[in-house]
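Peer 1: Quick one, what's the 3D model for this:
(one chain, ligands or ions: 4)
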Amino acid sequence: MKIPVMEVFGPTIQGEGMVIGQKTMFVRTGGCDYSCSWCDSRFTWDGSARSELLEAEAIVEQLKQIGGDLFSHVTISGGNPALHKGIANLVTLCHEQGWKVAVETQGSIWQNWMREIDDVTISPKPPSSLMETDYEKLDFYIKQLEERNVSLKVVVFDDEDFRFAELIHSRYPHIPFYLQIGNEDVATTDDHALLSTLLKRYEWLIEKATKSHVMNDAKVLPQLHTLIWGNKRGV
Ligand SMILES: C[S@@+](CC[C@H](N)C(=O)[O-])C[C@H]1O[C@@H](n2cnc3c(N)ncnc32)[C@H](O)[C@@H]1O
Ligand SMILES: Nc1nc2[nH]cc(C(=O)O)c2c(=O)[nH]1
Ligand code: SF4
Ligand SMILES: [Mg+2]
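Peer 2: Ligands and ions are numbered 1, 2, ... in the order given. Next up is the predicted model:
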């Protein structure tokens, strides 16, 4: 079963969430059932770029061709990778190679292959995204992955988003929880201005978290790759 692939890149570091700093390859799939107002990967769903339909075997070949023997971890992101049934085979093949597999998804669509993933990041979307969370679906998702290495990550742009993050963390108190700063300017090429803005946003979010008892066990992170490489693609 073919998978629409936008890009394969790495090795780089995972810049976000539960395995931040982990050396990894990325496979970015095409298509999303959401359209977040601030999506930093719009090209996966807005029609501005083309995907290539690939069998899992061909993706593994690309990973080897691009990454050589310089990796043992693969992160599947998108778009929403959970749109694609064919990823089941990709996960099996990666495991056969001895690679661990992580996935980034918003938790809106379930796939049974999710249970085979080594690091699952579920990232429900706050009000500033203009998306609605279906809590029944999210409850089901979390239930399915309870025994797995799963985390929740909420991107925060403003006070209302922070309240949403508190609500999510309170609803699933036993799931490791990550706050992530939002990047408001996903187009700029002025890396210095962006870095300074993002660091200010990070300080603001740390301040919010330290003052919230709900966040006593939360981790507060920037997008590390954005601090280093700005809005550059493929890193
Ligand atoms: C591009 S999404 C792809 C995976 C999946 N669709 C999702 O949203 O979880 C990967 C991660 O980037 C985050 N993200 C997207 N745009 C962002 C932005 N402008 N600032 C900070 N994080 C952003 C998402 O919330 C998600 O956690
Ligand atoms: N280095 C790096 N880390 C990331 N973590 C999540 C990413 C994504 O776009 O899903 C991403 C990305 O694009 N690059
Ligand atoms: S769910 Fe993820 S890929 Fe889809 S629009 Fe939102 S941030 Fe972008
Ligand atoms: Mg990204």
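Peer 1: gap between the closest residue to Ile117 other than its chain neighbours and ligand 1?
Peer 2: Closest residue to Ile117 apart from its sequence neighbours, by Cβ to Cβ, 6 or more residues apart in numbering: Val103 at 4.8 Å. Yep, even glycine has a C-beta here, placed from its N, CA and C like the rest. With distances taken as Cβ to the nearest ligand atom, to the nearest Å, Val103 is found 8 Å from ligand 1.
Peer 1: Likewise for Pro173?
Peer 2: 20 Å.
Peer 1: cool, Gly78 as well?
Peer 2: Using Cβ to the nearest ligand atom, Gly78 is found at 5 Å from ligand 1.
Peer 1: Surely that residue touches Arg28?
Peer 2: Yes. Using Cβ atoms under 8 Å, Gly78 is in contact with Arg28, at 6.0 Å.
Peer 1: follow-up on the earlier one: and the one helix or strand the residue nearest to Ile117 maps to, is it in reach of ligand 2?
Peer 2: Val103 belongs to strand 100-105 when assigned by DSSP states H and E. Yes. Strand 100-105 reaches ligand 2 (Cβ under 6 Å from any ligand atom) through Glu104.
Peer 1: Enumerate residues external to that strand that contact any of its residues.
Peer 2: Residues outside strand 100-105 that contact it (Cβ atoms under 8 Å, 6 or more residues apart in numbering) are 14, 16-17, 19, 22, 24, 72-78, 80-82, 91, 94-95, 114, 116-123.
Peer 1: Mind listing the residues bridging to the residue nearest to Ile117?
Peer 2: Ile76, Val120 (DSSP bridges).
Peer 1: Could I get the pLDDT score of it?
Peer 2: pLDDT for Val103: 98.
Peer 1: Ok, Leu167 next?
Peer 2: As predicted, Leu167 sits at a pLDDT of 98.
Peer 1: need the contact list for the closest residue to Pro222 other than its chain neighbours.
Peer 2: Excluding the flanking residues, the one nearest Pro222 by Cβ to Cβ, 6+ apart is Tyr202, at 4.8 Å. Listed by Cβ under 8 Å, 6+ apart, the contact set of Tyr202 reads 181, 220, 222.
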